[in-house]
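K.L.:
sequence below, structure please.
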Amino acid sequence: MHDAIEILSFQQEDEAPLIKLWEKCELVVPWNDPSKDISRKIQSDPEGLLLGWHDNSLIASVMAGYEGHRGWINYLAVDPKYRRKGLGKTMMKAAETYLEQFECPKINLQIRAQNHQVIEFYKSIGFLQEDVVNMGKRLIPDLK
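P.N.:
Modelled structure (predicted):
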């Protein structure tokens, strides 16, 4: 299946199908407005929002970014109908390739602690669970 996927950078007309994909994958949460997240990403780094297409349907995404110290991954999504076919791994490889052009030394990502299936996925592709404390501070509220 991963051979039949075309990975392209986000285009503005992709916003509605992308948000639908994220909703289908349960990535949309009340405290993050997906339209704002897309807008923020494409204003700073449009090439790092990668979309996986199959038969003119959006079936996967990953948001990769580099801030000069670490690479970050957000919004890895694979349509539930296409899971367990290697697409998550394919999208992550595309994200890693994207980040390598910046000589990015390490990738970080955040996973909700109760999401054991996703934790196991990342472990299976070489990520290590680190003993760190994740902290955050919202500067701009996205609540609708």
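K.L.:
quick one: contacts for Leu109?
P.N.:
If you count contacts by Cβ atoms under 8 Å, 6 or more residues apart in numbering, Leu109 has them with Trp72, Ile73, Asn74, Tyr122, Phe127. To be clear about C-beta, it is placed using only N, CA and C from the backbone, and glycine gets the same treatment.
K.L.:
how about Asn134?
P.N.:
Listed by Cβ under 8 Å, 6+ apart, the contact partners of Asn134 are Gln110.
K.L.:
give me the contacts around the longest helix seen in the chain.
P.N.:
Selection of the longest helix in the chain by residue count, based on DSSP state H, yields helix 87-100. Applying Cβ under 8 Å, 6+ apart, the contact partners of helix 87-100 are 1-2, 5, 7, 47-48, 50, 52, 59-62, 64, 66, 71, 73, 76, 78, 107, 121, 125.
K.L.:
what average pLDDT does the longest strand along the chain get?
P.N.:
Residue-count comparison of every strand in the chain, with assignments taken from DSSP state E, identifies strand 57-66 as the longest. Across strand 57-66, the average pLDDT comes to 97.
K.L.:
show me what secondary structure element comes after it.
P.N.:
As assigned by DSSP states H and E, the chain's next helix or strand after strand 57-66 is strand 71-78.
K.L.:
off-centre distance for that next one?
P.N.:
Taking the mean C-alpha point of strand 71-78 and that of its whole chain, the gap between them comes to 2 Å (Cα atoms, centre = their mean, to the nearest Å).
K.L.:
so what are the sheet partners of that strand and their directions?
P.N.:
strand 57-66 (antiparallel), strand 107-109 (parallel) (DSSP bridges).
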